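Engineer: Pasting a predicted model and its sequence here:
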Amino acid sequence: MDQIGAKIYSVEEANRLIPWLEESLEALAGTARELSVLSRELTVLGAIAMTGATSRSADLGELAEKRAREEALLGRFRARLAEVASRGCILRDLEIGLVDFYTLSRDRIVCLCWRRGEPEIGHWHPVDQGFSGRRPLSELL
């Protein structure tokens, strides 16, 4: 770890994480999709519950089951996010699978920039710029 408290990666070290990141981001995206569907179902069931459904209502039983499912999914999602962060990967956008890694270039910290589906790190950007500031890795070296 360096003075900013984050891992500093070489290009090779970051590239070795890509297979694991592909798997992790797929799992996170799948869980996020499942949570989105569940959220809509909970909204409908919650509205039904607010209309005065009795405790014997099948809808209320389903509501309790879906709330428990939501808690389990949120726990799994948070744990996977924490695992990604603990490895020094900076998840910038789950939807497109954008991940940064800090690296050192000419005595300054910059970000290696990888997007899900790319076979290896091919871009970088200054820390104060994002995806729109991506530059080819060849300009860094």
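Structural biologist: Arrived safely, thanks for sending. As the structure is a computational prediction, the values presented were derived from the model and not from experiment. Residues are numbered from 1 along each chain as shown.

Engineer: Run a quick check on residue 87 versus residue 16, I expect a contact.
Structural biologist: No - judged on Cβ atoms under 8 Å, residue 87 makes no contact with residue 16 at a distance of 10.8 Å. All C-beta atoms are positioned from the backbone trio N, CA, C, and that covers glycine.

Engineer: Sketch out the low-pLDDT regions of this protein for me.
Structural biologist: 1-5, 52-57, 59, 141 (pLDDT under 70).

Engineer: Look through it and tell me its longest helix.
Structural biologist: The longest helix of the chain (DSSP state H) is helix 11-50.

Engineer: which helices and strands sit right next to it?
Structural biologist: Helix 11-50 sits against helix 58-86, strand 98-105, strand 108-115, with contacts defined as 3 or more Cβ pairs under 8 Å, 6 or more residues apart in numbering; DSSP states H and E.

Engineer: Turn those into TSV, including mean neighbour count.
Structural biologist: Converted to TSV, the helices and strands packed on helix 11-50 look like this (neighbours: other Cβ atoms under 10 Å):
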stretch	mean neighbour count
helix 58-86	13
strand 98-105	20
strand 108-115	20
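
Engineer: As TSV, those with distance to residue 30 would be great.
Structural biologist: TSV is the format used below for those (distance: least, Cβ to Cβ, whole Å):
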stretch	distance to residue 30
helix 58-86	10
strand 98-105	17
strand 108-115	18
